[in-house]
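Trainee: build me a model:
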Amino acid sequence: MEFCEYCGNLLNDDGRCPWDECPRNAIIDAIAEAKKADEQKDKTAENKTNNNG
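Mentor: Below you'll find the model as predicted:
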């Protein structure tokens, strides 16, 4: 049983806070978007490397 460090609510099973406007959820979303952007950047760099060889 985990509690949100920002508002004290009991976290959902997926680790998100049940309060939609909680900063924790915004941080989780920002991290997911950053990871997605990094993966896309890595794929683009890998394709450029493969096409130049």
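Trainee: find out how far whichever strand or helix holds K36 is from the centre of the chain, if you would.
Mentor: Element membership for K36, per DSSP states H and E: helix 23-52. Here helix 23-52 shows a centroid-to-chain-centroid distance of 10 Å under the convention CA atoms, centre = their mean, to the nearest Å.
Trainee: and if you look at stretch 1-21?
Mentor: From the chain centre to the centre of stretch 1-21 is a distance of 15 Å (CA atoms, centre = their mean).
Trainee: residues of that stretch that come out buried?
Mentor: Judged by neighbour count (16 or more other CB atoms under 10 Å), stretch 1-21 contains these buried residues: 4, 11, 16-17. The C-beta positions use only the backbone N, C-alpha and C, and glycine is treated the same way.
Trainee: ok, now stretch 42-52?
Mentor: Quick answer for stretch 42-52: no buried residues (16+ other CB under 10 Å).
Trainee: what sits opposite the residue nearest to M1 when sequence neighbours are not counted in the beta ladder?
Mentor: Counting by CB to CB, 6 or more residues apart in numbering, the nearest residue to M1 once its immediate chain neighbours are dropped is L10, at 6.6 Å. Each beta-bridge partner of L10 is listed here: F3, as defined by DSSP bridges.
Trainee: ok, now which ones touch L10?
Mentor: By CB atoms under 8 Å, 6 or more residues apart in numbering, the contact set of L10 is 1-4, 18.
Trainee: out of the buried residues of stretch 1-21, the closest to A30 would be?
Mentor: Looking at the buried residues of stretch 1-21 and their distance to A30, the nearest is R16, at 13.0 Å (CB to CB).
Trainee: what pLDDT does the spatially closest residue to the closest one that is not a sequence neighbour get?
Mentor: Distance criterion CB to CB, 6+ apart; nearest residue to R16, sequence neighbours excluded, is N25 at 5.4 Å. Looking at N25, its pLDDT stands at 98.
Trainee: where does the chain have low pLDDT?
Mentor: By pLDDT under 70, the weakly predicted segments of the chain are 53.
Trainee: distance of the residue nearest the centre of it relative to T44?
Mentor: By CA atoms, centre = their mean, the chain has its centre lying nearest to A32, at 2.0 Å. With the distance defined as CB to CB, to the nearest Å, A32 ends up 19 Å from T44.
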